[in-house]
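Undergrad: Give me coordinates for this.
(one chain, ligands or ions: 1)
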Amino acid sequence: MAFTVAIDGPAAAGKGTISRAVAEHFGFAHLDTGLLYRAVGQRTLAGEDATEAARALRPDDLEHPDLRTAEAAQAASRVAAIPEVRAALLDFQRAFARRMGGAVLDGRDIGTVICPDAEIKIYVTADDQTRAGRRHKELIERGRDITLAQVLTDLRDRDARDSARAAAPLKPAEDALLLDTSEMTVDQAVARAIALIEARQ
Ligand code: DC
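TA: This is a model prediction of the structure:
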């Protein structure tokens with residue numbers, strides 16, 4: 001049976017962690033759609049045209065070692081504003097969402113554009129200081145040399161660009177359930193998401 005869990009929200013809200021845990025709990029497949037935009041962004045940093053890169057995207061591109069860097073994140077946010085790039089990535093995401101056995105997709109427009117008929121939509125958010133603190137810790141643990149102030153600026157830039165763009169802007173779907181993780185531990189946030197999904201099954 002197909003069952004789609006759509007998880008959206010701003011940068012570093014905990015979508016990835018929650019999505020992976022939820023997918024594992026229910027035995028669903030998981031797609032981090034941000035990686036698609038990061039992979040396209042990465043190819044533009046190497047000089048390629050964004051739309052051509054999106055049309056030619058291959059599974060190997062998702063394995064690029066630099067996709068989690070702050071530069072790749074900014075490049076992703078820039079290419080994500082181009083309608084042709086979004087269009088090139090649409091069919092793959094929709095097919096993934098409807099695969100048998102259930103799927104969790106996390107991104108910015110899953111509940112609004114990619115899967116408007118998802119069985120459940122969760123909008124994960126947290127205040128920006130909390131999000132910046134979490135992302136900073138993650139980057140430092142991975143050996144990156146970046147200040148908290150820089151992470152906060154990058155995150156605000158990205159959220160502003162992702163929310164203001166005309167093509168599939170970041171916003172909660174009207175029927176999305178809000179999950180604010182500012183005051184939650186990872187375990188609490190995951191447990192809450194699982195409870196929300198169980199209530200829909
Ligand atoms: O989730 P992330 O931080 O890896 O996403 C990187 C960028 O990709 C984000 O700033 C905006 C874009 N993105 C998007 O526009 N739509 C999605 N479904 C996922 C990501």
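Undergrad: Helices of the chain, start to end?
TA: 15-26, 33-45, 50-55, 70-79, 83-97, 128-141, 148-164, 186-198 (DSSP state H).
Undergrad: What is the burial count for Thr44?
TA: As a burial measure, Thr44 scores 20 neighbours (other C-beta atoms under 10 Å). (Glycine included, C-beta is placed from N, CA and C.)
Undergrad: Check what pLDDT it gets.
TA: As predicted, Thr44 sits at a pLDDT of 98.
Undergrad: any idea how far it is from Thr33?
TA: Separation of Thr44 from Thr33 (C-beta to C-beta, to the nearest Å): 17 Å.
Undergrad: what's the answer for Gly16, then?
TA: Here the criterion is C-beta to C-beta. By it, Gly16 lies 11 Å from Thr33.
Undergrad: Over to Ala168?
TA: Applying C-beta to C-beta, the value for Ala168 to Thr33 is 11 Å.
Undergrad: what does this structure put close to the ligand?
TA: 11, 33-34, 37-38, 73, 76-77, 80, 107-110, 158, 162 (C-beta under 6 Å from any ligand atom).
Undergrad: Between which two of these is the distance greatest?
TA: Pairwise distances across the residues of the chain next to the ligand (C-beta to C-beta) peak at 18.1 Å, for the pair Ala73 and Ile110.
Undergrad: Who has more neighbours out of the two?
TA: Ile110 (31 against 22).
Undergrad: give the contact list for the more buried one.
TA: Contact partners of Ile110, counting by C-beta atoms under 8 Å, 6 or more residues apart in numbering, are 6-8, 33, 93, 97, 118, 121.
Undergrad: Please tell me how far it sits from Gly133.
TA: Distance from Ile110 to Gly133, by C-beta to C-beta: 25 Å.
Undergrad: cool, Leu178 as well?
TA: 21 Å.
Undergrad: Pop out the phi and psi values for Tyr168.
TA: Careful, residue 168 is Ala; it's not Tyr. For Ala168, the backbone dihedrals are phi 50, psi 60 (criterion: degrees, to the nearest 10).
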